[in-house]
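In: Only the shape, not the letters, is given here:
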């Protein structure tokens, strides 16, 4: 009887451990590199500004949940990698990419929209994303970028300084962009970052990564 109980306990423990290991494996982002350029001078990392198109689908039925080509007037999406501007699975799956690289990502619910879901995405949905990365730029939250934008060296960013910086960044994109779109981007940056409403983005307001160098 004791031996049978011991075997039962051992079996239950093994089952729990096995399920735990399987759950951990399922929680990983599965990455398929569809295309990778022969030359790759820069790879994406946390804090970089990325410019990409991506399409999202539900794995269970293939229905599309997002298409960047039909959003934002068809412009590729700019975002900062690794700071929560996109779901965790994209932050993970787009790390280490080259400009021009294409990937497919399978993202588990825990790294997507979880048990709650969102809009077209049911709870506990596994997602497929097809991604094409166009550009990797030094992130706007880096020390170097702050100093580059801060033309007068007063350790705060004015609307004019941000406008000049954005104009140079937009020139890197070969698409013809509506001037009103650029103004919306500039306004959005100021609204999101000027927390005290003084018309400037201070070192503290800008400094997401808490660089001591600033």
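Out: Sure, I can see it. Computed from a predicted structure; not experimentally measured.

In: Touching, residue 27 and residue 111? I think so.
Out: Yes - with contact defined as Cβ atoms under 8 Å, residue 27 reaches residue 111; the gap is 6.6 Å. Glycine gets a C-beta too; all of them are placed from N, C-alpha and C.

In: More neighbours: the two, which one.
Out: Set side by side, residue 27 and residue 111 show more neighbours around residue 111, with 20 against 13, by other Cβ atoms under 10 Å.

In: Report the secondary structure element holding the residue lying closest to the more buried one once chain neighbours are set aside.
Out: Leaving aside its sequence neighbours, residue 111 sits nearest to residue 89 (Cβ to Cβ, 6 or more residues apart in numbering; 3.7 Å). According to DSSP states H and E, residue 89 maps onto helix 88-93.

In: for this protein, which spans come out with low pLDDT?
Out: 1-26, 72, 139-143, 172-178, 207-214 (pLDDT under 70).

In: just so I have it, where are all the strands in it?
Out: Counting by DSSP state E, the chain has strands at residues 30-35, 49-58, 64-67, 77-80, 102-107, 127-137, 156-157, 201-202.

In: among the ones you listed, which is the most enclosed?
Out: The highest mean neighbour count among the strands of the chain, using mean count of other Cβ atoms under 10 Å, belongs to strand 156-157: a mean of 22.

In: Could you list every helix and strand that that one packs against?
Out: The contact analysis (3 or more Cβ pairs under 8 Å, 6 or more residues apart in numbering; DSSP states H and E) places strand 156-157 against strand 201-202.

In: Which strands or helices does the strand it packs on pack on?
Out: Contact here means 3+ Cβ pairs under 8 Å, 6+ apart; on that basis strand 201-202 packs against strand 156-157, helix 179-193.

In: Give the buried residues for the longest one.
Out: It refers to helix 179-193. Within helix 179-193, the residues that count as buried by 16 or more other Cβ atoms under 10 Å are 185-186, 189-190, 193.

In: now, among those residues, which is nearest to residue 132?
Out: Proximity of the buried residues of helix 179-193 to residue 132 (Cβ to Cβ) peaks at residue 185, which lies at 21.0 Å.

In: how about the closest one, what does it touch?
Out: Contact partners of residue 185, counting by Cβ atoms under 8 Å, 6 or more residues apart in numbering, are residue 166.

In: Check the gap between it and residue 38 for me.
Out: Noted for residue 185: a distance of 33 Å to residue 38, by Cβ to Cβ, to the nearest Å.
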